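1. sequence and predicted structure are below.
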Amino acid sequence: MAQCLKVAHAPLSLGEKRNLDFLVGLRHEIEHRSTSRIDGNISAKLQACCLNFSEAIKRLFGNRCGLDRALTLALQFARIDAAQRRAMAAASALPPAIAAFNATFDENLSWMS
């Protein structure tokens, strides 16, 4: 997937590509570790990726192909409500390696550049 994101004619916005870059990096960081602790900051990025994915599918293939009405997963393809945000915020801290990756990724972001 990382190579696909670097293709100039990939039909995704820069923000969508950056969101997927985060997932690739996060996957690499936890590839050989096991954790059930994902904090609200990571959960929000995962949620953003789901929303971006569903919107890209609809934009590229039409609304009938969107995932927002067809799938119900732990990571939803619909916006989260206040109660869900509070539950994520109450989750325990991230493992140090995941927290470090997240901080480094965020430090290297520049809005829409």
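-> Cool, got the structure.

2. dihedrals phi and psi, residue 12?
-> Residue 12 adopts backbone torsions of phi -120, psi 150, taken as degrees, to the nearest 10.

3. not counting sequence-adjacent ones, nearest residue to it?
-> The shortest distance from residue 12 to any non-neighbouring residue, by C-beta to C-beta, 6 or more residues apart in numbering, is to residue 56 (5.8 Å). Yep, even glycine has a C-beta here, placed from its N, CA and C like the rest.

4. tell me which element that neighbour falls in.
-> Assigned by DSSP states H and E, residue 56 belongs to helix 40-61.

5. for the residue nearest to residue 12, which residues are in contact?
-> By C-beta atoms under 8 Å, 6 or more residues apart in numbering, residue 56 lies in contact with 11-12, 16.

6. including neighbour count and pLDDT, could those residues go into CSV?
-> What follows is the contacts of residue 56, written out as CSV (neighbours: other C-beta atoms under 10 Å; pLDDT from 0 to 100):
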residue, neighbour count, pLDDT
11, 9, 88
12, 19, 86
16, 20, 85
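
7. could you save these as TSV and add columns showing distance to residue 84?
-> Listed next are the contacts of residue 56 as TSV, based on distance: C-beta to C-beta, whole Å:
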residue	distance to residue 84
11	30
12	26
16	22
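
8. among those residues, which one sits closest to residue 62?
-> If you rank the contacts of residue 56 by distance to residue 62 using C-beta to C-beta, residue 11 comes first, at 13.7 Å.
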